[in-house]
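S.K.: My questions are about this predicted structure, shown below with the sequence.
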Amino acid sequence: MEFDLSLLLNGIVSGLLLGGLYAAAASGLAISFGMLDIVNIAHPALMVTGAFTVVALGGWLGLDPLVVAVLQAPAFYLLGMVIYSAYHHFFEKRGDEALQGLAFFFGIMFIIEVGLVMAFGPEQRFLDPSYAYTTWRLGEIDLPLRMLVPGLFALACIGGLFLYLHRSFTGLAIAAVAQDAEALRLMAIDPVRIKRLAFGISIALASMAGGALVVVQPVEPSSGQVFIGRVFAICIMGGMASLPGCVMAALLFGVVENVTATFYGPSWSPAVAFGWLLLVLAFRPQGLFGKAA
Amino acid sequence: MQNITRRDLGRLAMASAVAGAGVSASVFPASAQGANPIRIGMSMSLSGGLAGNGRAALAAQQIWASDVNAKGGLLGRPVQLVFYDDQTNGGQVPGIYTKLLDVDKVDLVTSPYATAMIAPAMPVVMQHQMCFVTILGAGVNSTFKYDRHFNMNVTGDDMKGSFAKGFLDIAGTLEPKPRSIGILAVDNDFAQRAAESARFLARQRGLRVVYDRSYPPSTVDFTPTLRAVQAARPDLIYIASYPPDSNGILRAASELRISAQMFGGGMVGPQLAAFQAQLGPILNNLVNWDIFSVEPTMNFPGVAEFLTKYREVAAREQTDVLGNYIPPYAYAQMQIVEQAVKRVGKIDQAALAADMHSQVFDTIVGPVTFSASGEWAHERNLLVQFQGITDGNLERYKHPGAKVILYPPSLKSGTPRAPYGTPA
């Protein structure tokens, strides 16, 4: 493919928009995996669950998918607290969280997929907002609202979460539990309660990401599978517990994927994107925004 | 602690494979609860990526079982379907067929939907020397060369020489004559064979291949890829894709206002109701491979009655509500088994295979004969074009005119409209 400035610019812009979706999908994991050290491999499946409930509720109420995603977030927050309570009771408390905890979340992932098939059927489901088929054109650059609106929505959610984690007492406690749970106990704060709350927030974010996903593409019960590798890679590349790092890594991942697809073919996209992950880990093992131990 | 031997591990693996296959379920229609039923076993994708087509196929096969039992069964015995969910995981399939044949001791076996699930079943089926009627495989038996394998698919023996023929034949009728083609295919067996056919036949006809790439199934955003295709300025754009991607490709093509004399080819997805409901007018003028359309030229005996029955159960079964793709072929797959068993008069795998090699089968998708390799003796790849689509209303797909047949000439029901990318 010959070099073309228009192709490059569009590759970068579409990559940034795609990165917005990746950031939405990975931000919840930055809390559960990055801060709480819980390998929640079911996170993308929970995101897809959020997408299905958005389709169901949005179709029923006649509301925009992103509005429904916000409205249903408290229910997912409670679901996250329930999941963490089970995880803590059966695995974390006994010190079995490493392998058995991973198997627990694998199990949840499979149960969710089969449950979605049973509840909604295996067909693709969609809920197109009115702007889904509109594309803004800025000169040579295309901005499909199908990608732009969810990307901005994701960044707004992550921005709000960032402020909460840095400005509120509970947010600071979540940051603290990520560093030293025992020290938190000395401050008369129950680390299990803080973890439960933080895990609830991470699943609420999965619900928000589900709303963004529905705007971008139709969903089916197994849609989460394509995101598993990417969201963990983004989380690690960003520096595990860092939300700005997660966003930067997601945007970088999207841009690398799309520019590679434009000039070298889409077959190379995952290889080059994951190659970047290896490069980052080789030169900054703590990730882009992570702090060295 | 008891030592675990390698044999124990093998047993554990087998047990976990079977347990992972999901809940065993059988169809026991009221009329089929008599003694000594003929049991037909299969693995089917009831969850996972292929579940949409898997569940639709199973619904059609259940209708067949019900129809046969209502008429007194097969050889005077009721038929029962014994099926397990392979979760769209080829790794589950050998364990399922081992269980069906060694534990459940079914009389006959049929296949799950599509190549990726059929191929893993083949070694087990061959080992048991079972007659195996499969559905929508793509050249599976070219590797195994099993003489009791019969594939219910329109592609025929020579996929490379025939699959893209219709697309390029139609392109040859357009003015001005197309001179270049862009090819994009997902990295899976079916799509790669489709792309190979397009590449081979395009070169044979002197078309310049200006874009020829594959993409991984995990691709999320198709905008950059479609933009690269657009930059190569092909007259024809040939896409071989699977359902999760087809939607993204068509939406990206719409957003980029891609125009070409012809666009489509071998996309799997636009045949399904969910796509037609969502994409609506974006489908207009798409010329795509298909296997069935409700055009008058395909109104074979029994197909309209079948579709009426299917659509009654589809909503309840939460599967494709129209049934214009796999279901008629899944029903016909079972008709092949039924007719062979009736002619042979007993369950004899060798005799059934001999019958299938030599006889013509009257099915709801028309008469079917098999070649020596077990593929259709005469390919019947359809190329259809979506015309006059104004919205996502699915009612229009129950009647002729929305998905007109452009190829083959014997089934043709309309004329091509070009280019793609202009309003209907």
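M.R.: That came through, no problem.
S.K.: so which strand or helix has residue A:52?
M.R.: Assessed by DSSP states H and E, residue A:52 sits inside helix A:43-61.
S.K.: C-terminal to that helix, what's the next element?
M.R.: helix A:65-87.
S.K.: ok, back up a step: what about the helix holding residue A:52, near chain B?
M.R.: No. Contact between helix A:43-61 and chain B, assessed by CB under 8 Å from any CB of the partner chain, is absent, since the two come no nearer than 11.2 Å. Every residue, glycine included, has its C-beta placed from N, CA and C.
S.K.: For chain A, what's the nearest residue on the stretch 301-424 of chain B?
M.R.: Using CB to the nearest CB, the single residue of the stretch 301-424 of chain B nearest to chain A is residue B:318, 2.8 Å away.
S.K.: Find the nearest non-adjacent residue to that residue, please.
M.R.: On the basis of CB to CB, 6 or more residues apart in numbering or on different chains, the spatially nearest residue to residue B:318 that is not a chain neighbour turns out to be residue A:121, at 2.8 Å.
S.K.: how far away is the one you found from residue B:52?
M.R.: Here the distance between residue A:121 and residue B:52 works out to 8 Å (CB to CB, to the nearest Å).
S.K.: How is chain B partitioned into domains?
M.R.: With automatic domain parsing as the criterion, the domains of chain B are listed as B:6-157+B:302-368, B:160-296+B:381-411.
S.K.: for residue B:391, what are its contacts?
M.R.: Taking CB atoms under 8 Å, 6 or more residues apart in numbering or on different chains as the contact definition, residue B:391 lies against B:280-281.
S.K.: Could you list the low-pLDDT ranges of chain B?
M.R.: B:1-35, B:422-424 (pLDDT under 70).
S.K.: hey, where'd the helices end up in it?
M.R.: B:6-20, B:51-70, B:93-98, B:115-127, B:141-144, B:159-162, B:165-172, B:189-204, B:223-231, B:243-255, B:273-279, B:303-317, B:326-344, B:349-358 (DSSP state H).
S.K.: For those helices, give me CSV that also has mean neighbour count and distance to residue A:14.
M.R.: Below are the helices of chain B laid out as CSV (neighbours: other CB atoms under 10 Å in any protein chain shown; distance: least, CB to CB, whole Å):
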stretch, mean neighbour count, distance to residue A:14
helix B:6-20, 12, 39
helix B:51-70, 24, 28
helix B:93-98, 24, 38
helix B:115-127, 21, 30
helix B:141-144, 15, 39
helix B:159-162, 17, 34
helix B:165-172, 21, 28
helix B:189-204, 20, 23
helix B:223-231, 24, 5
helix B:243-255, 24, 9
helix B:273-279, 23, 20
helix B:303-317, 16, 37
helix B:326-344, 23, 34
helix B:349-358, 18, 51
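S.K.: So which residue is smack in the middle of chain B?
M.R.: residue B:136 (3.9 Å; CA atoms, centre = their mean).
S.K.: burial measure for residue B:272, as a count.
M.R.: Counted with other CB atoms under 10 Å in any protein chain shown, the burial measure for residue B:272 works out to 25 neighbours.
S.K.: shouldn't it be in contact with residue B:326?
M.R.: No. Contact criterion CB atoms under 8 Å: residue B:272 and residue B:326 do not qualify, at 9.0 Å.
S.K.: shared neighbours of the two, anything?
M.R.: When contacts are counted by CB under 8 Å, 6+ apart, residue B:272 and residue B:326 are jointly contacted by B:53, B:320.
S.K.: Quickly note the distance from the closest residue to residue B:213 other than its chain neighbours to residue B:241.
M.R.: Closest residue in space to residue B:213, ignoring its immediate chain neighbours: residue A:265 at 4.0 Å, by CB to CB, 6+ apart. The spacing between residue A:265 and residue B:241, counted by CB to CB, is 15 Å.
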